[in-house]
Each structure stands twice: as structure tokens, then as C-alpha cells.
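> I'll drop the sequence and a predicted model, then ask my questions.
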Amino acid sequence: MKKVLFIEDEQALQGAVKTFLESNGFSVFSAFDGEMGIALARSEKPDLILLDLILPKVNGFEVLDILLKEETTNKIPVIVLTNLEGSADVEKALSLGARTYLVKSNYNLEDILSKVKNIFEK
């Protein structure tokens, strides 16, 4: 079973995505801030990370930068799932190593599942 780490501070979204992915055969664990997300990525070695950019303690750009510089976590694919729509934010996240950038308001749970599956099929 593939392990997904979801780093997101909005509890309602965290719960909905977790429940939906688990019902589709994924194991999902949660972090509600960037600091916890980095710690869980290091300890749990997930197969994929869903990452919000606007987070308490350590923002998503910093999380991405830290994880992709570390040998133990730099191979984990990251999908950014955020409300930031600016092209500069998209470019920055992709340049830091995110595989895909999703704006929350433009995607539903089925779309997120599809993107997650696409990463594992590659």
C-alpha cells in the first residue's frame, strides 16, 4: 500500500482528502504544519507528499526546499495543493522540485486522486 503524507493546516480539507484517498487504497498520514511535515517525511519515508504552501511554522516553499536537499527525502515526489494561483508561485514551486501544482479551487477529490495515481504510474 502506497503511503501519502498530506501537509495541510486546514482540517476539513485534510480530513476529506485523507478519507477519499484511503477509500481508494492509499495509506494517508497527516501533518498540520511545515515543521511536523518535514519530521514525518524523514521518519515515515512516504511514497508521495501532498503539500500546501501556506502553512504555520515552516511554509511550503521551505518544506520543499529542505526535503529536496536531503538525501533521505529528495526522491519523494511532491504534489503542491494550494490556493496560491500566481504564476510566480507556480514557477517557484516547480523550480524547487514539485512534480505537479494544483490550485485547490480548480480541482475536486477525483482530480487529486487522478494526479496521485499518475505519479505512481510513471
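Alright, I've got the coordinates. Numbering: from 1, shown residues only.

> neighbours around V78, how many?
27 (other CB atoms under 10 Å). For glycine as for every other residue, the C-beta is placed from the backbone atoms N, C-alpha and C.

> how about the secondary structure of the most centrally placed residue in the chain?
Among the residues of the chain, the one closest to the centroid is L50, at 1.4 Å (CA atoms, centre = their mean). Here L50 is recorded as strand under DSSP: H, G, I helix; E, B strand; the rest coil.

> what does the model give the nearest residue to V103 once chain neighbours are set aside for pLDDT?
Nearest in space to V103, with sequence neighbours left out and distances taken as CB to CB, 6 or more residues apart in numbering, is E85 at 5.1 Å. Listed pLDDT for E85 reads 90.

> what of E121?
89.

> still on that earlier bit, so how far is E71 from the residue nearest to V103?
33 Å (CB to CB, to the nearest Å).

> looking at those two, which is more packed in?
Shown here are E85 and E71; by other CB under 10 Å, E85 has more neighbours (12 against 6).

> so that one touches L102, yeah?
No - E85 is beyond contact range of L102, at 10.6 Å (criterion: CB atoms under 8 Å).

> which helix or strand contains L5?
Counting by DSSP states H and E, the element that carries L5 is strand 3-7.

> which parts of that strand are buried?
V4, L5, F6, I7 (16 or more other CB atoms under 10 Å).

> you'd agree A31 is up against I7?
Yes - taking contacts as CB under 8 Å, A31 lies within contact range of I7: 4.6 Å.

> need the overlap of contacts for those two.
G37, L40 (CB atoms under 8 Å, 6 or more residues apart in numbering).

> the chain: strands as residue ranges?
Listed in chain order, the strands of the chain (DSSP state E) span 3-7, 27-31, 48-51, 78-82, 100-103.
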